[in-house]
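> Using only what follows, build the 3D model:
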Amino acid sequence: MENTWEYQGSEPIKIKRYLSQLGMGHRLFNDIKNGDGELMVDHRIVRPTTKILPHQTLTIKVTPELADPTVTASEKTLSIIYEDNNWLVINKPSGLASIPGPTEAEDTVLNRVKGYLIQQKDENQRPHLITRLDKYTSGLLLVAKHRVASSMISQQVERHTMKKYYLALVQGNGLEKHGFIEKPIKRVAGQAARVIDPSGQSAKTEYWVQKYNDQYS
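Residues are numbered from 1 along each chain as shown. This next block holds a predicted model:
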């Protein structure tokens, strides 16, 4: 598979730095550098140390990712909101887990996406879930169809610069119209559940109350 970009800068730039400017992680570059793919400038294979000139094209060519044999393919319904060569945006219903776990190993979003890619005869059959939702939370999930797409967004994931918006029904009506919840969240050992704990990871949620009644906000 191939992905191509045209360099819009005004000065020569090394491939590694250019890929970083595109938001891509170093892992993919290192994989290609170590022989798992090719780098091409203006459709000519080049060394990783090559500099790109203004308006030249850079193409990344990597080996397709084969299906993970530990993940079962499911042919159940998948609600696709958006799709292109790199991405899938999935509308996950409440009650469907994002990834396989101890209680559900054969029918999750990941299982269904794998089944969909196989049905489409996609050369890449190892999807990467960029975002996840709890089993009983409905909403949109972003899925990278291959490792190049996953690398494209890796810096946003690592730096926590992605913004996620949820519409929630909350019991009670004592919330301020606008506020923040800043509490450390820790995973319960051996479970998917999480609790507020001083030793947990930092978490910050900004909220707005849209409307409320006597029982709910």
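> Once you drop chain neighbours, what's closest to residue 177?
Nearest residue to residue 177 in three dimensions, chain neighbours excluded: residue 209, at 5.0 Å (C-beta to C-beta, 6 or more residues apart in numbering). C-beta here means a position set from N, CA and C on the backbone, and glycine is covered the same way.
> how many other residues sit next to residue 41?
18 (other C-beta atoms under 10 Å).
> Could you double-check that residue 204 lies in contact with residue 181?
Yes: the pair residue 204 and residue 181 passes the contact test of C-beta atoms under 8 Å, sitting 7.3 Å apart.
> ok, residue 185 to residue 85 distance?
Distance, residue 185 to residue 85, by C-beta to C-beta, to the nearest Å: 35 Å.
> thinking the residue nearest to residue 177 is in contact with residue 174, fair?
No: between residue 209 and residue 174 there is no contact under C-beta under 8 Å: 10.1 Å.
> Looking at those two, which has the bigger crowd around it?
residue 209 (13 against 7).
> Next one: the more buried one relative to residue 21, how far apart?
For residue 209, the distance to residue 21 - C-beta to C-beta - is 40 Å.
> Please identify which helix or strand holds residue 70.
If you go by DSSP states H and E, residue 70 is not part of any helix or strand.
> Report pLDDT for it.
If you check residue 70, the pLDDT there is 93.
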